[in-house]
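Participant: Let me see the structure of the following:
(one chain, ligands or ions: 2)
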Amino acid sequence: MKRTIHEMTNIVSTPAWQKSTFWLQENMSNQCQKCQQKFNLVRSKHNCKLCGRAVCKSCSFKDVILYLPDDEDTKEPRLSVIKVIGSPSVEPELALYVRVCESCLERLKNRQLEMLEKEEKMLAKGGDSLEMLLKEHSTMYRNEVKMEDQLNEYQIIIESLEDNSRKLNSSGKSNIQTVAKAQEDLADYLAQYVLNIQRMKKLTPESNTQAILFRNCLKGKCDFYFDNQFRFKSLQKTLGDSTPPKILECIQRTVDKHAIVSTQLYIRQLTYESLHLCDKYNLRDNIPQKLTLTDEFVEKETLDCIEQDGDDIDDHSEQLQELLQSQLKDHRLIKLSKRTLKCSGSHHAADMLITRSTDILHQVKVQLMMKSANRSFPQTKQTLDQTLEELKIVTLQDIVKL
Ligand SMILES: [Zn+2]
Ligand SMILES: [Zn+2]
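Facilitator: Ligands and ions are numbered 1, 2, ... in the order given. Presented below is the predicted three-dimensional model:
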């Protein structure tokens, strides 16, 4: 491991003799080559690790990571812009943050989005199916390991509660939180796994031999899912047998609340982004309209849930607003690649709006179903289903103004 870090550092800090003359010249510069302000004690000089340009701190960003992917067998280091779609969702074990200038950052961002689009197109066309299958398989394998760890942890929590040593009682607020958190994490892994399986199902084999391989692979994944879901349910039953109903209800309420709040955040963000896109690319607003309606149902049930739990509604709305602002600033759900925008303009924006809205609604729905009790949030679940059905029949012609 040490050796790899050393190798990675070497890639970033180029020895002097390998630096281009361009870099050396730029290095001599005593002013920022972006904002032209002079370097001094306060404004220190940094070098873009990609183009070598000398820039000040505010004209450069440490938003790029060089890393070895955790979830793949490849030993090839990758470059990725953090907080941008397509970057690893958790910090990789072996990662190095790299400072780059603004224009390099922009270029990297665009490259990342284009690569993601290429991948999505390939998935839609079913081209290179085998490669996609292998990729999906290794992602799922990572999830499997995590899910098993999490199940073991959940079992330990439940056994220790059974041992009477930390019996759940109404004053055991922290115990309730612990169980709720473990349950939520498990539901998250299971939901992710369902989404993975659904993606895998969409792949089309290119030959009969591939068809057999795909089928077996899918069967293995489904078996794994059902085995683990069964284990999860049995553990929940064990917990139910040894815990008073009142406490159980309390745990489920906590899980439910978190689930609906995260649903609300996603839907609200998606609604805002869709409005913004329609405005910017002069699209018809039928998708934002549908999302706004969905958002209203979600909001109603979220607020009811929060009120029932004895929390302050105004506090919640304020927190939601804050979270949204930071999400919209750094973590957009819908990103467009500049190059494709240049060639196909509003068509590209419309296309991404439909695809991403569908994906996100679907993801949100699966997560909510997995986490919340069956009887909770009927309106939200129904409206999510309905909006998804409605999105299925929306075409590019419906939203691009001619
Ligand atoms: Zn500067
Ligand atoms: Zn640069």
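Participant: Output the below-cut-off pLDDT ranges for the stretch 1-150 of the chain.
Facilitator: 1-27, 71-75, 122-127 (pLDDT under 70).
Participant: which parts of it sit against ligand 2?
Facilitator: By the rule Cβ under 5 Å from the ion, the part of the stretch 1-150 of the chain lying against ligand 2 is C48, L50, C51, R53, C101, C104. From N, CA and C alone the C-beta is placed, and that goes for glycine too.
Participant: Now the second one, what are its backbone angles?
Facilitator: Going back to what we said before, that points to L50. Phi and psi for L50, reported as degrees, to the nearest 10, are phi -100, psi -50.
Participant: ok, it touching E102?
Facilitator: No - using Cβ atoms under 8 Å as the test, L50 is too far from E102 to be in contact (11.4 Å).
Participant: so what's the most centrally placed residue in the chain up against?
Facilitator: In the chain, the centroid-proximal residue (Cα atoms, centre = their mean) is S89; its distance is 5.8 Å. Shown in contact with S89 (Cβ atoms under 8 Å, 6 or more residues apart in numbering): no residues.
Participant: same check, this time on L235
Facilitator: L235 neighbours (Cβ under 8 Å, 6+ apart): L151, Y154, Q155, I158.
Participant: cool, M200 as well?
Facilitator: L133, E136, H137, M140, F214, C217, L218, K221.
Participant: mind checking how far the first one is from K300?
Facilitator: Spelled out, that is L133. 42 Å (Cβ to Cβ, to the nearest Å).
Participant: cool, and the fourth one?
Facilitator: Note on M140: its distance to K300, by Cβ to Cβ, is 36 Å.
Participant: Could you do E206 as well?
Facilitator: 48 Å.
Participant: D70 in helix, strand or coil?
Facilitator: Each residue gets one of three states, and D70 gets coil by DSSP: H, G, I helix; E, B strand; the rest coil.
Participant: Do I have it right that it meets R78?
Facilitator: No - between D70 and R78 no contact is recorded; they are 11.0 Å apart, counting by Cβ under 8 Å.
Participant: what pLDDT does G310 get?
Facilitator: We note a pLDDT of 86 for G310 in this prediction.
Participant: hang on, it is in a strand, isn't it?
Facilitator: No - applying three-state DSSP, one finds G310 to be coil, outside a strand.
Participant: what are the phi and psi values for it?
Facilitator: Here G310 shows phi and psi, under degrees, to the nearest 10, equal to phi 80, psi 20.
Participant: repeat for F61
Facilitator: phi -140, psi 140.
Participant: Then L391?
Facilitator: phi -70, psi -30.
Participant: just checking, which of the contacts of L235 belong to strands?
Facilitator: Taking DSSP state E, every one of these sits outside strands.
Participant: Any chance of the residues you listed in TSV with distance to ligand 1 and neighbour count as columns?
Facilitator: Conversion of the contacts of L235 to TSV gives the following (distance: Cβ to the ion, whole Å; neighbours: other Cβ atoms under 10 Å):
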residue	distance to ligand 1	neighbour count
L151	51	18
Y154	51	22
Q155	55	16
I158	56	18
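Participant: other SSEs contacting the helix or strand that contains Y141?
Facilitator: Using DSSP states H and E, Y141 sits within helix 129-162. On a contact count with 3 or more Cβ pairs under 8 Å, 6 or more residues apart in numbering; DSSP states H and E, helix 129-162 meets helix 173-202, helix 208-242.
Participant: Any residues of this protein in contact with ligand 1? List them.
Facilitator: C32, K34, C35, C56, C59.
Participant: Quick check on those: which are buried?
Facilitator: Among the residues of the chain next to ligand 1, the ones that count as buried by 16 or more other Cβ atoms under 10 Å are C32, K34, C56, C59.
Participant: can you redo these as a markdown table with secondary structure?
Facilitator: Putting those into a markdown table (three-state DSSP) gives the following:
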| residue | secondary structure |
| --- | --- |
| C32 | coil |
| K34 | coil |
| C56 | coil |
| C59 | helix |
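Participant: Max pairwise distance over these: which two?
Facilitator: Maximum pairwise distance in those, criterion Cβ to Cβ, is 7.3 Å, between K34 and C56.
Participant: Neighbours of L391, how many?
Facilitator: The number of residues packed near L391 is 19, by other Cβ atoms under 10 Å.
Participant: again, but for R53
Facilitator: Neighbours around R53, by other Cβ under 10 Å: 23.
Participant: these two touch, right, it and R99?
Facilitator: No - counting by Cβ under 8 Å, R53 sits too far from R99 to count as a contact (11.0 Å).
Participant: what's the overlap in contacts for those two?
Facilitator: Common neighbours of R53 and R99 (Cβ under 8 Å, 6+ apart) are N47.
Participant: tell me the mean pLDDT for stretch 255-273?
Facilitator: Rounded mean pLDDT across stretch 255-273 is 94.
Participant: Buried residues in it, which are they?
Facilitator: So stretch 255-273, judged by 16+ other Cβ under 10 Å, has buried residues 255-273.
Participant: now for whichever strand or helix holds L368, which elements pack on it?
Facilitator: Secondary structure from DSSP H and E places L368 in helix 338-371. On a contact count with 3+ Cβ pairs under 8 Å, 6+ apart, helix 338-371 meets helix 102-125, helix 173-202, helix 245-280, helix 286-308, helix 378-392, helix 396-399.
Participant: Who are the packing partners of the fourth one?
Facilitator: Translated: helix 286-308. Helix 286-308 makes packing contacts with helix 245-280, helix 313-330, helix 338-371, helix 378-392, helix 396-399 when contacts are defined by 3+ Cβ pairs under 8 Å, 6+ apart.
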